[in-house]
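[1] here is a sequence together with a model predicted from it:
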Amino acid sequence: MKFFDRDLWIEVFSTLTKNITRTILTTLGVLFAVIILIMLLGTTNGMKNGFDKLFTGTATNSLFVWGQRTGKPYKGFERGRRIKYTFDDVELLKGSINEIESISPRIQLGDFRGTVSVNRKGQTSGSTVYGDYPSIDNFAKKNLEEGRFLNQDDIDKRRKICVIGDDVYKLLYKKEEDPIGSYIEINGIYFQVVGVYRKNKNVNFDGQNTVHIPFTTYQKAFNSGNRIGWMAITVKKEHNAGVVLNKIKKLLKLKHNVHPKDVRAIGSFDLSQVFTGINAFTMVLQGFSFFIGIFTLLAGVIAISNILLITVKERTKEIGIRRALGATPKIIKRQIILEATVLTVFSGLLGFVVSVAGLSYLDVKYGDGKDFPFINPSVSFTQIIVSFILMLLLSLLVGLIPARKAVKMRPIEALREE
């Protein structure tokens, strides 16, 4: 008997439609299992896409290092001594640690987290003012709305220019007013605006109420000398940022006479740990979703196997007659397995359609990533194929149970069954 034999398929569909209510209820288990599987995979993919978008334009293998107060006395220095960095520290790290890709020194006007009065034509904003190098934009890319960001020519010529966030613009300018080329005042010194950036969906360490001026201009305008506030450091991709951070701290402690076990003197933030943690979280979530979905699918397929066991019992006499007329065990087994496969595939495909429609709705409703990291909830073609193959294999395996029971019947005993 061939697999595509017309009579075989007529018998299969005749059996499945004999009790249509039971057949429909049987398929609901696999239908809901596939919906749960695909929806779980799709939503976790949406979260992963959201986090990936969040870190787009951000140097994830980056570190931030700043000086704090010592927590231990050491070499005649008292506890509580303030650690201050200079460009000598930058050169030391560049020359001693080969794993470092780039260092961008920064300095802030006023105290850390403090604000400065920025004025223009009677309007004032309490903003954060940074002295920066152009390379700082590589750590978290600014979403420029107008103009440009700082460049090396600004550094070399110590230009009195600045780039402002859109919150500063809203506080100092009228709506629709062009800020490019205008001047703002910071501590009695005027700076020309060359760029405005707006909020984006990515990581933004500085916020929007911020003014960026060239580092060398900051040194001259505010007499900061060789001092720096902190360092933004990128590590070469082939190296572990955490290991490099330990080397940096060890070297800086040695230079500034800090106790080797002092954990307070040097402040730091390792962005790679956050990125790695989020990646691990999404991978675990994807694995857990697949695990739950597969076991839910298994439960649905087992329900089909149980129903087929019942139908085999009900069709005992029919099977006996077919065996008596010459039907081989192989033919009987093939039909039972085919019935299990048809039920599973039909309900599974329907589940795929429903779940894809559900993911499309979630994408339209919440997939813009504005409120939380959730973008384009969908399943990949590979995930669909793997899920379908697993569903098919499960249906074949559980179909063997009623099929084996059917072929074990002796024709003479089956014919005696009432």
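    Thanks, I have it.
[2] now the residue lying closest to residue 79 once chain neighbours are set aside: phi and psi?
    Among residues not flanking residue 79 along the chain, residue 73 sits closest, at 4.8 Å (C-beta to C-beta, 6 or more residues apart in numbering). C-beta here means a position set from N, CA and C on the backbone, and glycine is covered the same way. Per-residue torsions, residue 73: phi -70, psi 150 (degrees, to the nearest 10).
[3] burial measure for residue 73, as a count.
    When neighbours are counted by other C-beta atoms under 10 Å, residue 73 registers 13.
[4] ok, the one 10 residues further on next?
    Around residue 83 sit 21 other residues, with neighbours defined as other C-beta under 10 Å.
[5] check residue 299 too.
    If you count neighbours by other C-beta under 10 Å, residue 299 ends up with 13.
[6] what strand or helix carries it?
    Using DSSP states H and E, residue 299 sits within helix 271-314.
[7] in the stretch 101-250 of the chain, which spans are strands?
    All strands of the stretch 101-250 of the chain, identified by DSSP state E, counting those that start in this stretch, fall at 116-120, 123-132, 143-147, 161-165, 183-186, 189-198, 210-214, 227-228, 230-235.
[8] turn the ones you listed into a markdown table, columns for distance to residue 375.
    Compiled in a markdown table, those are given as follows (distance: least, C-beta to C-beta, whole Å):
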| stretch | distance to residue 375 |
| --- | --- |
| strand 116-120 | 35 |
| strand 123-132 | 29 |
| strand 143-147 | 17 |
| strand 161-165 | 24 |
| strand 183-186 | 36 |
| strand 189-198 | 19 |
| strand 210-214 | 26 |
| strand 227-228 | 37 |
| strand 230-235 | 26 |
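[9] how about those strands in a markdown table, adding mean pLDDT, mean neighbour count and distance to residue 99?
    Formatted as a markdown table, the strands of the stretch 101-250 of the chain follow (pLDDT from 0 to 100; neighbours: other C-beta atoms under 10 Å; distance: least, C-beta to C-beta, whole Å):
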| stretch | mean pLDDT | mean neighbour count | distance to residue 99 |
| --- | --- | --- | --- |
| strand 116-120 | 90 | 17 | 36 |
| strand 123-132 | 91 | 20 | 23 |
| strand 143-147 | 89 | 16 | 30 |
| strand 161-165 | 94 | 26 | 30 |
| strand 183-186 | 94 | 18 | 37 |
| strand 189-198 | 94 | 19 | 31 |
| strand 210-214 | 95 | 26 | 28 |
| strand 227-228 | 92 | 18 | 21 |
| strand 230-235 | 91 | 24 | 6 |
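[10] distance check, residue 288 against residue 44.
    8 Å (C-beta to C-beta, to the nearest Å).
[11] counting neighbours, go ahead and name the busier of these two.
    residue 44 (22 against 12).
[12] how big is the angle separating whatever helix or strand residue 349 lives in from helix 271-314?
    Assigned by DSSP H and E, residue 349 belongs to helix 329-366. Between helix 329-366 and helix 271-314, the angle formed by their directions is 140 degrees, by axes from the mean of the first three to the mean of the last three C-alpha atoms, to 10 degrees.
[13] in helix 329-366, what's buried?
    Buried positions in helix 329-366, judged by neighbour count with 16 or more other C-beta atoms under 10 Å: 332-344, 347-348, 350-352, 354-356, 358-359, 362-363, 366.
[14] pLDDT on that helix, on average?
    Per-residue pLDDT over helix 329-366 has a mean of 80.
[15] check stretch 284-297 too.
    Mean pLDDT, stretch 284-297: 82.
[16] mind listing what's buried in it?
    Buried residues in stretch 284-297 (16+ other C-beta under 10 Å): 285, 286, 289, 290, 293, 294, 296, 297.
[17] and residue 13, how many neighbours?
    Neighbours of residue 13 using other C-beta under 10 Å come to 12.
[18] hang on, it is in a helix, isn't it?
    Yes: according to DSSP: H, G, I helix; E, B strand; the rest coil, residue 13 belongs to a helix.
[19] leaving aside the residues next to it on the chain, what's closest to residue 137?
    Distances taken as C-beta to C-beta, 6+ apart place residue 149 nearest to residue 137, at 5.2 Å, with adjacent residues excluded.
[20] residues in contact with that neighbour?
    134, 137, 142, 163, 195, 197, 212 (C-beta atoms under 8 Å, 6 or more residues apart in numbering).
[21] let's go with 7 Å and repeat that
    134, 137, 142, 163, 195 (C-beta atoms under 7 Å, 6 or more residues apart in numbering).
[22] now find how far off-centre the host helix or strand of residue 384 is within its chain.
    Residue 384 belongs to helix 381-407 when elements are defined using DSSP H and E. Taking the mean of its C-alpha atoms, helix 381-407 sits 32 Å from the chain's own mean (C-alpha atoms, centre = their mean, to the nearest Å).
[23] quick one: list the elements packing against that helix.
    On a contact count with 3 or more C-beta pairs under 7 Å, 6 or more residues apart in numbering; DSSP states H and E, helix 381-407 meets helix 271-314, helix 329-366.
[24] of all these, which lies closest to residue 125?
    Closest to residue 125 of the helices and strands packed on helix 381-407, according to C-beta to C-beta: helix 271-314, at 28.3 Å.
[25] who are the packing partners of the closest one?
    Judged by 3+ C-beta pairs under 7 Å, 6+ apart, helix 271-314 is in contact with helix 20-54, helix 329-366, helix 381-407.
[26] now the angle from the longest one to helix 381-407?
    Spelled out, that is helix 329-366. 150 degrees.
[27] same for helix 329-366, what does it pack against?
    Secondary-structure packing of helix 329-366 (3+ C-beta pairs under 7 Å, 6+ apart): helix 6-16, helix 20-54, helix 271-314, helix 381-407.
[28] got the angle for the second one vs helix 381-407?
    By that I understand helix 20-54. 160 degrees.
[29] for the record, mean pLDDT for whichever helix or strand comes after helix 20-54?
    Downstream of helix 20-54, the first helix or strand assigned by DSSP H and E is strand 62-67. Model confidence over strand 62-67, given as mean pLDDT, is 91.
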